[in-house]
Each structure stands twice: as C-alpha cells, then as structure tokens.
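>>> Compute the structure for the input listed below.
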Amino acid sequence: MTLSIDESIQIFKAEIIAQDQRLSARRSEALLEACACLKLRFNSRKNVLALLGMAEGVIQYLRKREGGADPEGLDFLKETLAHVVNIYEEGKFDPQREEQLGQRMYKHFTALRATLKGRRAPAAGPRPQPAAPQTPPGEAAGAEEPAPDPPPADAGPPPAANPDPATGAPQAEAKAAPATARHRLYKPQIGESFQVIRIGEQALAVAGSAIALTAKLRPRRRAAYLASCQIPLKDFNPLFGNLSRRFQGPLSTIPAGRLKKLNLPLVTPKGGDLPELPEEEAADLMIISHGQWQGVLFGHLETTTPLTLQRFEAAANGDIAGLGTMEGDSVYHLLNHRALLEREGFLAV
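Down below sits the predicted model:
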C-alpha cells in the first residue's frame, strides 16, 4: 500500500484524537506507512525527519507490547504527530523554530526512554548489580531481555545534539558549528582504501571503512526501491547463515532479527555534476555507514579492488569533500559520506 501525503496526514490526525490507550496492529501499521511517506516529503529537513524517526521508535515499542496500554508512550506519540501535522499545514520553513522544536522533543524522547528502561528493569529477574552504571538506552546493548525494549533512537537527535558515536555524549563543538563546517569534520587519511562508484557522469571514491555492503541490483527490485526510496535489509538475507555477517561495520553488530525489520533510505549525494535524482538504470548499490547512520547509494561500481589514497586536496562542494589522488595518479572526487548520512541517513541503534 502506497499512501499519499494527504492520506498520511489524515492518519496522523486520526491517531491524535483517538481515545484508545492501546495501539492496535492495524493502527500501528498505518502510522508506520504514513511516517515513511512523510519522510520522503521532508527528506531535506533534518529536524522534521528526527520527529518522524522518534515517532517510529515509539510505535515500534508499542507494537512490542502487543496492545498493552501505555499512556506515556501514546501521549508522546500524539504530541510528536501533532507537531508534524502543524509543520505541514503551516507550509512555512522556519529552520530556527524547527531546530528548537527538534531539540525539545528529543529531550522528551530521551527522558521517556530512560523512564521505560527503569520501569522494565525489575521484570528481568534478580541478577547481580553491575559496578558501573547501566548502559543507557540507545547505546550498545548486552544480552536481550524478555521485556520489551524502550523506543530505539532510530530518529537520532536534531543536528545540534548529535551524540559522539564512541561515547554517546553530545558533541559540543558540532553544536556550535555552522552547517558548512561539517565538511571539515571529514578528513580522509593518506593510505586509506577507497572504492569508486559512478553516479550519473560523476565518479565518486567512497572510503572503504564506510562501506557496509555492495551488491548487484536486479531490475525488478531496483524499480521497487526507486518507487519507495527505501531498501529492506531482509532482501540481503542469505539462504544459509546470519544476516549480520553480510555486513561490515556497525550493521554487523545489530542482531539479525532486527536487521530484517530495517529499511534503509536511498540517499542522493549533492554537488558537482551529480544528478538530482537516483539513477534509474543503476546496476549496483552500496550501503554506507557513518557511526550508526546508514543509507544506500545507487550507481555503477567501477573498481573491483580497493584504491589507496596518496594525496588529498580539500575542495568542498555539496557532499564532495575534495579531490583524492590514488596510486597510478588516478584522481577522483571523494564523497563526504558523513555530511550525506547526517542529512539523509537512518540512525539504527
């Protein structure tokens, strides 16, 4: 089922005024479809995407409760949906207001996750108390517990509150930096390996450390992916073996059961001569990562063996970080995958 934007907004409005304190499977499915549709509508407005991602996190949590009442979770969900509806119906783009709203709602979201985390702790049964503080929601988890997890941080914080991938602490310096300064955060290392993917007429070198998977695109699946702008990870499930082992980097650490439920967005790098839309005749896809941010590129793989960076000349242009000279003096534009994923990627925690 493919929803229109107006249908998605109507689904949000119906949920906002619903009196039932239990979220049925039918309502949750419709809400998730509406969120996916509106993510495409607001794909260039990160704070609205963050609101939608937080809503998806709460919906997934309520689904795990199998219809159990959860007034706090539903109240947060209704408030988040109402903000998205208001932003859509006002039709105005106010970056400062949206950033303030995104930060305020993210604080509520983290408080809600902490509350739910503390509430479920006794249900896990007696166990030795850890010497160090428990891992907060949204960081790497240990063994799975039978009680439902708090809402995942799939939405991620708004731009000014991005956590450090290593510590989970806010990056104060990134908070104060202007958007253009994000390019300075990506500094490719001499000796680093890259693979080249051609998108339209532009060949982009992508850091090997950022590549989770490359794969051929079947025409039928490519058409479906282009229609939805989402790529289900279940499509890469091996006939034998664990789905997590198909990937490199952060995706390899996520349990296979959760990976099968994830859809990654089709991201479109900007700058230079890059096309504005994904390539309809793309032969390959490349799943890329930055910390827990994930996304998928469509194009044509041009290298079968990694290339080693010999020299780098910074020249930021959209999502292009600059020019990289590889062995043999071949020169390519280097993709700033961090800027791209922070703008259009999906935060899988």
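
>>> counting residues per strand, which one in this structure is longest?
strand 307-317 (DSSP state E).

>>> buried ones in that strand?
Within strand 307-317, the residues that qualify as buried are 307, 309, 312, 316, counting by 16 or more other Cβ atoms under 10 Å. Every residue, glycine included, has its C-beta placed from N, CA and C.

>>> want to throw these into a markdown table with pLDDT and distance to residue 32?
Below are the buried residues of strand 307-317 laid out as a markdown table (pLDDT from 0 to 100; distance: Cβ to Cβ, whole Å):
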| residue | pLDDT | distance to residue 32 |
| --- | --- | --- |
| 307 | 95 | 40 |
| 309 | 96 | 41 |
| 312 | 94 | 41 |
| 316 | 87 | 36 |
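
>>> Can you tell me which of those is closest to residue 281?
Here the nearest of the buried residues of strand 307-317 to residue 281, counting by Cβ to Cβ, is residue 307; it sits at 24.4 Å.

>>> With adjacent residues omitted, what lies nearest to that closest one?
Nearest residue to residue 307 in three dimensions, chain neighbours excluded: residue 326, at 4.1 Å (Cβ to Cβ, 6 or more residues apart in numbering).

>>> In the lengthiest helix in the chain, which residues are buried?
If you go by DSSP state H, the chain has its longest helix at helix 95-120. Across helix 95-120, burial judged by 16+ other Cβ under 10 Å covers 98-99, 101-103, 105-106, 109-110, 112-113, 116-117.

>>> What helices and strands are in contact with that helix?
helix 46-64, helix 71-90 (3 or more Cβ pairs under 8 Å, 6 or more residues apart in numbering; DSSP states H and E).

>>> which of these sits most buried?
Stretch with highest mean neighbour count among the helices and strands packed on helix 95-120: helix 46-64 (a mean of 24; mean count of other Cβ atoms under 10 Å).

>>> Give the other helices and strands that that helix contacts.
helix 25-41, helix 71-90, helix 95-120.

>>> Kindly provide the whole-number mean pLDDT of stretch 87-103.
Computed over stretch 87-103, the mean pLDDT rounds to 86.

>>> Return that stretch as PDB; C-alpha atoms alone will do.
As requested, the backbone C-alpha atoms of stretch 87-103 are provided in PDB (Å, rounded to 0.1, in the frame of the first residue of the first chain):
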ATOM      1  CA  ILE A  87       4.500  22.000  10.300                       C
ATOM      2  CA  TYR A  88       3.000  20.500   7.100                       C
ATOM      3  CA  GLU A  89      -0.200  22.600   7.300                       C
ATOM      4  CA  GLU A  90       1.600  25.900   8.000                       C
ATOM      5  CA  GLY A  91       3.600  25.400   4.900                       C
ATOM      6  CA  LYS A  92       6.400  27.600   6.100                       C
ATOM      7  CA  PHE A  93      10.100  26.700   6.600                       C
ATOM      8  CA  ASP A  94      11.400  28.200   9.800                       C
ATOM      9  CA  PRO A  95      14.800  26.500  10.400                       C
ATOM     10  CA  GLN A  96      15.400  28.100  13.800                       C
ATOM     11  CA  ARG A  97      11.900  27.100  15.100                       C
ATOM     12  CA  GLU A  98      12.300  23.500  13.800                       C
ATOM     13  CA  GLU A  99      15.700  23.200  15.400                       C
ATOM     14  CA  GLN A 100      14.400  24.300  18.800                       C
ATOM     15  CA  LEU A 101      11.400  22.000  18.500                       C
ATOM     16  CA  GLY A 102      13.600  19.100  17.500                       C
ATOM     17  CA  GLN A 103      15.900  19.600  20.400                       C
END
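
>>> Appreciated, that's everything.
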